[in-house]
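Asks: Sequence and predicted structure, then a few things I'm wondering about:
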Amino acid sequence: MSHFAIDIVEEDVQLTLVELCRASRAPEGQVHTWVVEGVLVPEGATPAEWRFHGAALRRARLAATLTRELEINTPGVALALDLIEEIESLKAALRRLR
Amino acid sequence: MKFKDYYETLGVARDASPDDIKRAYRKLARKYHPDVSKAADAEVRFKEIGEAGEVLRDPEKRAAYDALGTRRDQERADGRAPGEDFQPPPGWDAGYEFSGRGDGADGGFGSQDHSDFFEALFGRAARAQGARRTSARMPGQDHHAKVLVDLEDAFRGAQRSISLRMPALDEQGHGVLKERTLDVNIPKGIREGQHLRLAGQGGPGLGDGAPAGDLFLEIAFNPHRLYRVDGRDIYLDLPLAPWEAALGASVSAPTPDGEVELTIPPGSAAGRKLRLKGRGIPSNSAASPAGDLYVVLTIALPLADTAAAKQAYQAFATACDFNPRAALQGGTP
């Protein structure tokens, strides 16, 4: 039995800036930059009010690893994320057709 | 323990310039990054490359590593071949200051996944630095892992026992990997790529009363013999006999929820999709309705391997005035 709360992040969870930074291991300043560049789109006007949809976790983690491990700058990360998502949707289409 | 040739890993010469190393490292890191590469061994290769890069791109670490390599070569030349087994000689690192590059407490590049070789050389130094930085009270780290579940688990929900190797601190404050088994409720309606958040199951908090971090599990499905999954929709290929496709039929088909009886409309062509609305991955919230099950018809031909079967095919040909290549006509001059 599980004795702890389990949430499906993409369904049940909204993340604050602090929670997103911790879960994605990205510094706050970096998440700020990603919001400014449109990599992540939270609800709320100020950083303190920002609420990120659960699906942002995956994007933030990808952005953080690409930044850290491949030393890609922000516009590059934005482009890579879009391309990765496009590849995934193409792969899904391929699986449907197979 | 095997001596690791980091120069070989990056494919550079021992006297390569820092720029050459950086270039080689970046090129390989991009090529094998697990989020980008689909090579089967991408994750393993990427870790090796990361480790090699961490050593060779840091001037202090590289110098220490080079000194070790030179010493090893010397021993070989003297006929004291060290063979495959390698142990760092005592005091080998005297005089080097490993300044660390993001391999401290905040879990830098692959820091949880170093090889024994790396750990023996640089592990303790890197960790001693990390430990010093974390004397204040702070919440535990969030941890991440991937788990494979069966598609059926998403239909019914399931309890799964999941083994994880998680970084932890031993009595001496050294980082070690500890095997940990967790019983996890896989909620009904879970989809591939979604994450479960297990509150308080991440790294322990540091300092009095600091809360533990959370554990995030990314869900992936084991490949299924029958079904393909696309988000919340499921695809099944259903083979039909030619007469079932032509005349219509009632056939039973498997679904993750159990067998269903399907009415095949007459004149069904291969590739036709029948949609069973709401029979895909079930709903688990108002925001995500149940998926659909798509049955993709295929047509299987019986072998003409008996006299009766051959005769039947011939009768078939006579009865149907059918040219399957009609659309190709006029294609050749």
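Replies: Looks like it arrived, so ask away. Numbering: from 1, shown residues only, chains lettered A, B, ... in the order given.
Asks: rest of the way, CA atoms for contacts and neighbours
Replies: Fine.
Asks: top helix in the chain by residue count?
Replies: Using chain A here. Ranked by residue count under DSSP state H, the longest helix found in chain A is helix A:74-97.
Asks: Oops, wrong one, chain B.
Replies: helix B:59-77.
Asks: what about dumping the CA coordinates of it to PDB?
Replies: Below are the C-alpha coordinates for helix B:59-77, written out as PDB (Å, rounded to 0.1, in the frame of the first residue of the first chain):
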ATOM      1  CA  PRO B  59      42.100  22.000 -16.100                       C
ATOM      2  CA  GLU B  60      42.900  20.700 -12.600                       C
ATOM      3  CA  LYS B  61      41.100  17.400 -13.100                       C
ATOM      4  CA  ARG B  62      42.700  16.900 -16.500                       C
ATOM      5  CA  ALA B  63      46.200  17.600 -15.100                       C
ATOM      6  CA  ALA B  64      45.600  15.100 -12.300                       C
ATOM      7  CA  TYR B  65      44.200  12.500 -14.700                       C
ATOM      8  CA  ASP B  66      47.100  13.100 -17.200                       C
ATOM      9  CA  ALA B  67      49.600  12.600 -14.400                       C
ATOM     10  CA  LEU B  68      48.000   9.300 -13.500                       C
ATOM     11  CA  GLY B  69      48.000   8.200 -17.100                       C
ATOM     12  CA  THR B  70      51.700   9.100 -17.500                       C
ATOM     13  CA  ARG B  71      52.500   7.100 -14.400                       C
ATOM     14  CA  ARG B  72      50.600   4.200 -15.700                       C
ATOM     15  CA  ASP B  73      52.400   4.400 -19.100                       C
ATOM     16  CA  GLN B  74      55.700   4.500 -17.200                       C
ATOM     17  CA  GLU B  75      54.800   1.400 -15.200                       C
ATOM     18  CA  ARG B  76      53.800  -0.400 -18.400                       C
ATOM     19  CA  ALA B  77      57.100   0.600 -20.000                       C
END
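Asks: pLDDT (mean, whole number) over that helix?
Replies: Helix B:59-77 shows an average pLDDT of 83 in the prediction.
Asks: list the buried ones in it?
Replies: Within helix B:59-77, the residues that count as buried by 16 or more other CA atoms under 10 Å in any protein chain shown are B:60-62, B:64-65, B:68-69, B:72.
Asks: Between those, which sits nearest B:Asn284?
Replies: Each of the buried residues of helix B:59-77 was checked against B:Asn284 using CA to CA; the closest is B:Lys61, at 51.4 Å.
Asks: Double-check the closest one against B:Val55; I have them as touching.
Replies: Yes - contact criterion CA atoms under 8 Å: B:Lys61 and B:Val55 qualify, at 5.2 Å.
Asks: tell me the phi and psi of the closest residue to A:Pro42 other than its chain neighbours?
Replies: Once flanking residues are discounted, A:Pro42 sits nearest to A:Phe52: 4.6 Å by CA to CA, 6 or more residues apart in numbering or on different chains. For A:Phe52, the backbone dihedrals (degrees, to the nearest 10) come out as phi -100, psi 130.
Asks: Tell me what A:Phe52 is bridged to.
Replies: Judged by DSSP bridges, the bridge partners of A:Phe52 are A:Leu15.
Asks: where does the stretch 101-250 of chain B come near chain A, residue by residue?
Replies: Within reach of chain A by CA under 8 Å from any CA of the partner chain, the stretch 101-250 of chain B has these residues: B:106, B:108-109, B:141-143, B:159, B:182-185, B:190, B:194-201, B:214, B:228, B:230, B:235.
Asks: ok, of the residues you listed, which come out buried?
Replies: B:108-109, B:141-143, B:184-185, B:190, B:194-201, B:214, B:228, B:230, B:235.
Asks: for the stretch 51-200 of chain B, which spans come out with low pLDDT?
Replies: B:80-85, B:90-92, B:94-113, B:123-136, B:167-169, B:173-175 (pLDDT under 70).
Asks: Please enumerate the strands of it.
Replies: Here the stretch 51-200 of chain B has its strands, by DSSP state E, counting those that start in this stretch, at B:143-149, B:158-169, B:175-186, B:195-198.
Asks: so who does the nearest residue to B:Ala120 once chain neighbours are set aside touch?
Replies: With sequence-adjacent residues excluded and distances taken as CA to CA, 6+ apart, B:Ala120 is closest to B:Pro88, at 7.4 Å. The neighbours of B:Pro88, taking CA atoms under 8 Å, 6 or more residues apart in numbering or on different chains as the test, are B:68, B:120-121.
Asks: roughly how far apart are B:Pro88 and B:Gln159?
Replies: Distance, B:Pro88 to B:Gln159, using CA to CA, to the nearest Å: 46 Å.
Asks: which of the strands of the stretch 51-200 of chain B is buried the deepest?
Replies: Greatest average neighbour count among the strands of the stretch 51-200 of chain B goes to strand B:195-198 (a mean of 27), per mean count of other CA atoms under 10 Å in any protein chain shown.
Asks: Pull stretch A:19-36 out as CSV, backbone CA atoms only.
Replies: Written as CSV, here are the backbone C-alpha positions of stretch A:19-36 (Å, rounded to 0.1, in the frame of the first residue of the first chain):
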residue,chain,number,x,y,z
GLU,A,19,8.0,24.2,-6.8
LEU,A,20,8.9,24.2,-10.5
CYS,A,21,12.4,25.3,-9.8
ARG,A,22,12.9,22.5,-7.3
ALA,A,23,11.4,19.8,-9.4
SER,A,24,13.3,20.8,-12.6
ARG,A,25,16.5,21.8,-10.8
ALA,A,26,16.5,25.1,-12.6
PRO,A,27,17.6,28.3,-10.9
GLU,A,28,14.7,30.9,-10.5
GLY,A,29,16.5,33.4,-12.8
GLN,A,30,16.5,30.8,-15.5
VAL,A,31,12.8,30.0,-15.2
HIS,A,32,12.2,33.8,-15.4
THR,A,33,14.1,34.0,-18.7
TRP,A,34,12.2,31.0,-20.1
VAL,A,35,8.9,32.7,-19.2
VAL,A,36,10.1,36.0,-20.9
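Asks: coming back round to it: make sure the residue nearest to A:Pro42 is actually in contact with A:Val39.
Replies: No - the criterion here is CA under 8 Å, and A:Phe52 misses it with A:Val39 at 11.8 Å.
Asks: which parts of chain A sit against chain B?
Replies: Within chain A, the positions lying close to chain B (CA under 8 Å from any CA) are A:1-2, A:4-11, A:22-23, A:25, A:62, A:68-70, A:84, A:92, A:95-96.
Asks: and those residues, which of them are in helices?
Replies: Short answer: these in helices (DSSP H) are A:9-11, A:22-23, A:62, A:68-70, A:84, A:92, A:95-96.
Asks: Any of those buried? List them.
Replies: With burial judged by 16+ other CA under 10 Å, the buried subset of those is A:9-11, A:22-23, A:62, A:69-70, A:92, A:96.
Asks: export the buried residues of helix B:59-77 to CSV and tack on distance to chain A?
Replies: Formatted as CSV, the buried residues of helix B:59-77 follow (distance: CA to the nearest CA, whole Å):
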residue, distance to chain A
B:Glu60, 20
B:Lys61, 18
B:Arg62, 19
B:Ala64, 23
B:Tyr65, 22
B:Leu68, 27
B:Gly69, 26
B:Arg72, 31
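Asks: I appreciate the help and will end here.
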